[in-house]
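> sequence unknown, structure follows:
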């Protein structure tokens, strides 16, 4: 199993630019989560999907952030326009329903975003 | 809303000794899950151990065990025979059993192992 795949691993951009983060969940997992980790706020959920449908997006900071899951094997998190306060590590995680693994979220390696 | 509190920003332990990391949480739910995740410098989030709230028996995974006190809403992690590879940030996390699958994390405890 390849695990959760995220790209890019590192992104450096300038304020005002559009940033797109990508995630491929583990095959067969029907839940997908986006988390953000910062020194100030720690780890917090941004949004999660079940069967490609957004279930809870209450953690999305503002309209500059958007997330999509066009199919079961791909999700994007887009920031437009980016700001320095968006600098953080963004994690994607997935989990399957209906199995004993349902209790565990499998995390990707994260994308470290730096907005100058 | 659920909250998770880790009151120890940093801990250190001598190699081969035992250390306990504290975690408390607040919830009105009766059925939920609790987790400890390890984040080494590589920043990969690794599940260490999990506990189902309906189980009275404390979970154990090799050198890692928990002390789950449901009434007190306390969930501490004990690491026995500490090894250099245990050095990392440790996060306590909560997840409701029904309704919302998101994880709510504590602020983390940085564990240092002294050789």
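That came through fine. Remember, predicted model here, so these are calculated numbers, not experimental data. Numbers count the residues shown, from 1 in each chain, chains lettered A, B, ... in the order given.
> Tell me the confidence at the residue nearest the centre of chain A?
Residue closest to the mean C-alpha point of chain A, counted by CA atoms, centre = their mean, is residue A:34 at 3.1 Å. Each residue has a pLDDT score; the one for residue A:34 is 98.
> and if you look at the one 5 residues further on?
At residue A:39, the model reports a pLDDT of 90.
> how many other residues sit next to it?
Residue A:39 has 8 neighbours, counted by other CB atoms under 10 Å in any protein chain shown. Where you see a C-beta, it was placed from the backbone N, CA and C, and this is true even at glycine.
> So it versus residue A:74, what's the distance?
30 Å (CB to CB, to the nearest Å).
> got the residues of chain B near chain A?
Contact residues, chain B versus chain A (CB under 8 Å from any CB of the partner chain): B:33, B:35, B:42-47, B:50, B:52, B:91, B:95, B:100-108.
> For chain A, which residues are neighbours of chain B?
A:31, A:33, A:35, A:42-45, A:48, A:50, A:55-56, A:89, A:91, A:93, A:95, A:103-105, A:107, A:109-110, A:112.
> Ramachandran angles for residue A:85?
phi -70, psi -10 (degrees, to the nearest 10).
> For the host helix or strand of residue B:25, buried residues please.
In the assignment (DSSP states H and E), residue B:25 maps to strand B:24-26. Buried residues in strand B:24-26, counted by 16 or more other CB atoms under 10 Å in any protein chain shown: B:24-25.
> Could you do stretch B:90-103 as well?
Applying 16+ other CB under 10 Å to stretch B:90-103 flags B:90-96, B:101-103 as buried.
> Check stretch B:76-89 too.
In stretch B:76-89, counting by 16+ other CB under 10 Å, buried: B:76-79, B:82, B:86-89.
> So which of these belong to strands?
By the criterion of DSSP state E, membership of the buried residues of stretch B:76-89 in strands covers B:76-79, B:88-89.
> from the buried residues of stretch B:76-89, which is closest to residue B:9?
residue B:89 (10.0 Å; CB to CB).
> Pretty sure the closest one sits against residue B:106.
No. In terms of CB atoms under 8 Å, residue B:89 does not count as a neighbour of residue B:106; the distance is 10.4 Å.
> Closest to chain A out of the ones in strands among the buried residues of stretch B:76-89?
residue B:89 (10.0 Å; CB to the nearest CB).
> contacting residues around residue A:114?
A:10-13, A:87 (CB atoms under 8 Å, 6 or more residues apart in numbering or on different chains).
> quick revisit: among the residues of chain B next to chain A, name the buried ones.
Applying 16+ other CB under 10 Å to these flags B:33, B:35, B:43-45, B:47, B:50, B:91, B:95, B:101-108 as buried.
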